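# output the structure for:
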Amino acid sequence: MRIPILLVTILMTAPTMAADNAARGSDTSVSLVPYLWSATFDGTVGAGEGGTDRIDVVSDFGELDIGGFMLAADWRRGAWSVFGDLSYVRVTTDASPRLGLLYRGADAELRGTILQGAVGHTLYADDAATVDLFAGVRYIRVRLDLDVTGNIAPSVSLDATDDWVDGIVGARGAHQVAEHWALGWYGDVGAGGSDLSWQVSAWLAYDAGWGSVVGGWRHLDVDYQKREIRLDAALTGPFLGVAFGF
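Below is the predicted model of the structure:
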């Protein structure tokens, strides 16, 4: 079973307001989109140096605590754009260990920081649409604390901290479909520190004059199995926010 969690973040994306900026004839633009993401965090996490010291936990993550802030920025001039975001989340759960005969249960806490930045260039643009290709990096830092209750095996507490960097490439775009309505999409894939990470999102925006109301779906997947941390999990769900263009 997947349990809904709540993610509050700030995201700036140039495609969100691209049509508005084109209509105003502006060559430089900045977009700000605070939004609410109601998602599930589901997957396998583990801590330890390996062998008998390693315990993997299969979990539908539950409670999400906002322990810091999320902030991203997007700047565009002509065909070029520079954008990035910083997010911090803290997730706690009552999880089930993979070796159920040895352990009865586990309390897991996962804290993560994600810092991402990229440079984009417009592949296609007209009065109503834009498509960008981009390349950049995604930095992920994770701390995992596990308190495992023993069954046959004794109880054990494990903690691990790790960080890594992935190179990413991707594309994003927006299209004005009606006078007040726009569709947008985003996708990237990364590797390097992780075996694979990828992210996709799609959204619909309504121009209300003072800004736009934006709603859609976002999915982030990370597979990392090196050093002290094992993380093979997905964060996915709908989001709703408000976009401002400058």
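# what residues are up against the residue positioned nearest the centre of the chain?
For the chain, the residue nearest the mean C-alpha position is Leu220 (4.9 Å; C-alpha atoms, centre = their mean). By C-beta atoms under 8 Å, 6 or more residues apart in numbering, Leu220 lies in contact with 197-199, 234-236. In short, each C-beta sits where N, CA and C put it, glycine included.
# which strand or helix spans the residue lying farthest from the centre of the chain?
Residue farthest from the centre of the chain, counting by C-alpha atoms, centre = their mean, is Ile152 at 37.8 Å. Ile152 belongs to no helix or strand when elements are defined using DSSP states H and E.
# can you give me the distance of it to Leu158?
Between Ile152 and Leu158 the computed distance is 18 Å (C-beta to C-beta, to the nearest Å).
# before we move on, what about Val91?
Counting by C-beta to C-beta, the gap from Val91 to Leu158 is 17 Å.
# strands along this protein, start to end?
All strands of the chain, identified by DSSP state E, fall at 5-11, 28-47, 55-61, 63-65, 71-77, 80-97, 103-125, 129-150, 156-176, 181-192, 196-207, 212-224, 229-245.
# hey, least reliable of these by pLDDT?
When these are compared by mean pLDDT, strand 5-11 comes last with a mean of 36.
# returning to that earlier point: now the contacts of Leu220 as CSV including neighbour count?
Listed next are those as CSV, based on neighbours: other C-beta atoms under 10 Å:
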residue, neighbour count
Ser197, 23
Trp198, 19
Gln199, 21
Ala234, 17
Leu235, 24
Thr236, 18
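# identify, from those residues, the entry nearest to Gly215.
Using C-beta to C-beta, Thr236 is the member of the contacts of Leu220 that lies nearest Gly215, at 15.1 Å.
# now the closest one: closest residue in space that isn't a chain neighbour?
Computed as C-beta to C-beta, 6 or more residues apart in numbering, the closest residue to Thr236 that is not its neighbour in sequence is His219, at 4.0 Å.
# ok, the one you found touching Asp188?
No. Using C-beta atoms under 8 Å, His219 is not in contact with Asp188, being 11.3 Å away.
# the two: which is more packed in?
With neighbours defined as other C-beta atoms under 10 Å, His219 and Asp188 compare such that Asp188 has more, 22 against 15.
# list the contacts of Leu144.
Contacts of Leu144 by C-beta under 8 Å, 6+ apart are 45-47, 108-111, 158-161, 229, 231.
# got a ChimeraX select line for the buried ones in those residues?
Applied in ChimeraX, the following selects the buried portion of the contacts of Leu144 according to 16 or more other C-beta atoms under 10 Å:
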select :45,46,47,108,109,110,111,158,160,229,231
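# and the contacts of Leu144, which two are furthest apart?
So, the contacts of Leu144 by C-beta to C-beta: farthest apart are Gly46 and Arg111, at 15.5 Å.
# how about stretch 215-229: buried residues?
For stretch 215-229, using 16+ other C-beta under 10 Å, the buried residues are 216, 218, 220-224, 228-229.
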